[in-house]
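> Mind folding the following:
(2 chains)
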Amino acid sequence: MTSNDIKAAYEEAAQTLLNEHTQEVRAIEAKARARSEHAGAGKKLAELRDRLFGATS
Amino acid sequence: MSPLERPHQAEEQHESSKDVTLEGALENLEAQAGETELRVVAQDFRTREAIAQAMAADPENAEVRALNEQLKAASERTVKDLKRIRVAAALAFALTLNSTPNTENTVEGNTQPPASAQMLMDNPKLAETLLEGITLAVEKARAQTDTPDPVLEELALETNTTLEEIQKPNDHRYGKMTLRVAEHVLRALGNAAGLGLGVTAFDILKEVVKTVRTRS
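Okay, here's the model as predicted:
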């Protein structure tokens, strides 16, 4: 049990950290994309509303 | 030959460490750490872009601004944890591969400490990191056994006493990743003891402890 075991321990630990980080960051990314889509949908809805009702309002 | 190039004391006994130098092990560690951190940066970049798009679409949204802070905090934490396990691994390499007595600078009647002990003495914070990792691993191992193990008991006593001596009040927190690496270090020390090498490695720690105590 020497350098190879330490190397394996480090690799396993680093990979676990990376996986946890990926999971956390992807959740943040998903929220950001959802906000973008929501804002984009709201903008389109406003444009549609203006086109449909803008002339009468 | 520099201390980093000094071959392992019991090379014949340790086939797996044959031809491995501390310098080589640290170079590999550095390369792998660089690759891992690059992946963190790449992931963060992609997420940062998504947040920037969301901010452009809805600049006043507080939730989007909070996402930016969350990303920053997550990245800082991950980078810090990666550094901790890198330090623990580097120290483990130093202890297992470079535990020969430093005979180059031996003066009559004044034997120099082993090279890795010297390295740790010059960097007391690194010694503290290793000791805390080992302490956590020892405590975990002790909790899992009903019968006290003499080696574990000795390590627990030494490491706890040492930490109490050298640790100043601070906010250091060592995560489970450090613990995992330290567990392997501990096992390596235990196995090395069976081959007659553990005494050397353990003596290094004690040497560090002695020096740090007298310096603080």
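
> For stretch A:15-27, C-alpha coordinates in PDB please.
What follows is stretch A:15-27, C-alpha atoms only, in PDB (Å, rounded to 0.1, in the frame of the first residue of the first chain):
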ATOM      1  CA  GLN A  15     -14.000  12.600  -8.900                       C
ATOM      2  CA  THR A  16     -16.500  12.600  -6.100                       C
ATOM      3  CA  LEU A  17     -16.000  16.300  -5.500                       C
ATOM      4  CA  LEU A  18     -16.300  17.000  -9.200                       C
ATOM      5  CA  ASN A  19     -19.500  15.000  -9.400                       C
ATOM      6  CA  GLU A  20     -21.000  16.900  -6.500                       C
ATOM      7  CA  HIS A  21     -19.900  20.200  -8.000                       C
ATOM      8  CA  THR A  22     -21.400  19.200 -11.400                       C
ATOM      9  CA  GLN A  23     -24.700  18.300  -9.800                       C
ATOM     10  CA  GLU A  24     -24.900  21.600  -7.900                       C
ATOM     11  CA  VAL A  25     -23.800  23.700 -10.900                       C
ATOM     12  CA  ARG A  26     -26.200  22.000 -13.300                       C
ATOM     13  CA  ALA A  27     -29.000  22.700 -10.900                       C
END
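
> Can you tell me what sits against that stretch?
Stretch A:15-27 is contacted from outside by B:36, B:39-40, B:43-44, B:47, B:71, B:74-75, B:78, B:81-82, B:85, B:177, B:180, using C-beta atoms under 8 Å, 6 or more residues apart in numbering or on different chains. In short, each C-beta sits where N, CA and C put it, glycine included.

> quick one: average pLDDT of it?
Averaging pLDDT along stretch A:15-27 yields 91.

> Contact partners for residue B:89?
A:6, A:7, A:9, A:10, B:29, B:181.

> For PyMOL, write the selection for the buried entries among the contacts of stretch A:15-27.
Buried subset of the contacts of stretch A:15-27, written as a PyMOL selection, criterion 16 or more other C-beta atoms under 10 Å in any protein chain shown:
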select buried, chain B and resi 36+40+43+44+47+71+74+75+78+81+82+85+177+180
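
> Out of the contacts of residue B:89, which comes closest to residue A:52?
residue A:10 (61.8 Å; C-beta to C-beta).

> Verify the contact between residue B:61 and residue A:34 for me.
No - Residue B:61 is beyond contact range of residue A:34, at 11.5 Å (criterion: C-beta atoms under 8 Å).

> Just read off the phi/psi values of residue B:147.
phi -90, psi 130 (degrees, to the nearest 10).
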